[in-house]
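Q: Need coordinates for the following:
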Amino acid sequence: MWASVQRGDAVTLSQGGVECHKGFVNDRTEDGHTIWVIDKIGDRRLFHIEDDYELQISQNAHAC
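A: Below you'll find the model as predicted:
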């Protein structure tokens, strides 16, 4: 699923059903295994698909 995420998508990342991070995709690797997400205060974080995060694309960009 991460390979379908595009720059600018609003996303929520969770672990074990607990929301950990919200923001907008800043970039991703071509294979979709790694994404960078910027939150509402401008912090940029890297997430890897093997780190057990569940990724949800938000329909409401203002929720981030």
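Q: Check Met1 and give its pLDDT.
A: With respect to pLDDT, Met1 has a value of 67.
Q: All the strands of this structure, in order from the start?
A: Along the chain, the stretches classed as strands by DSSP state E are 10-15, 18-28, 34-38, 44-48, 54-57.
Q: Let's have the ones you listed in CSV, adding mean neighbour count and mean pLDDT.
A: The C-beta positions use only the backbone N, C-alpha and C, and glycine is treated the same way. Below are the strands of the chain laid out as CSV (neighbours: other Cβ atoms under 10 Å; pLDDT from 0 to 100):
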stretch, mean neighbour count, mean pLDDT
strand 10-15, 17, 95
strand 18-28, 16, 95
strand 34-38, 19, 97
strand 44-48, 14, 97
strand 54-57, 15, 94
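Q: Nearest approach to Ala3 belongs to which of the ones you listed?
A: strand 18-28 (7.9 Å; Cβ to Cβ).
Q: If you count contacts, what does that closest one end up packed against?
A: Contacts defined by 3 or more Cβ pairs under 8 Å, 6 or more residues apart in numbering; DSSP states H and E place strand 18-28 against strand 10-15, strand 34-38, strand 44-48.
Q: tell me the angle of it relative to strand 34-38?
A: Put simply, strand 18-28 runs at 100 degrees to strand 34-38, going by axes from the mean of the first three to the mean of the last three Cα atoms, to 10 degrees.
Q: Tell me what angle strand 18-28 forms with strand 44-48.
A: 100 degrees.
Q: Note down every partner strand of strand 18-28 and its orientation.
A: Here strand 18-28 is paired, per DSSP bridges, with strand 10-15 (antiparallel), strand 34-38 (antiparallel).
Q: need the ones you listed in a markdown table with distance to Ser58, can you?
A: Formatted as a markdown table, the strands paired with strand 18-28 follow (distance: least, Cβ to Cβ, whole Å):
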| stretch | distance to Ser58 |
| --- | --- |
| strand 10-15 | 4 |
| strand 34-38 | 12 |
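Q: Would you tell me which of the ones you listed gets closest to Trp2?
A: Per Cβ to Cβ, nearest to Trp2 of these: strand 34-38, 6.2 Å.
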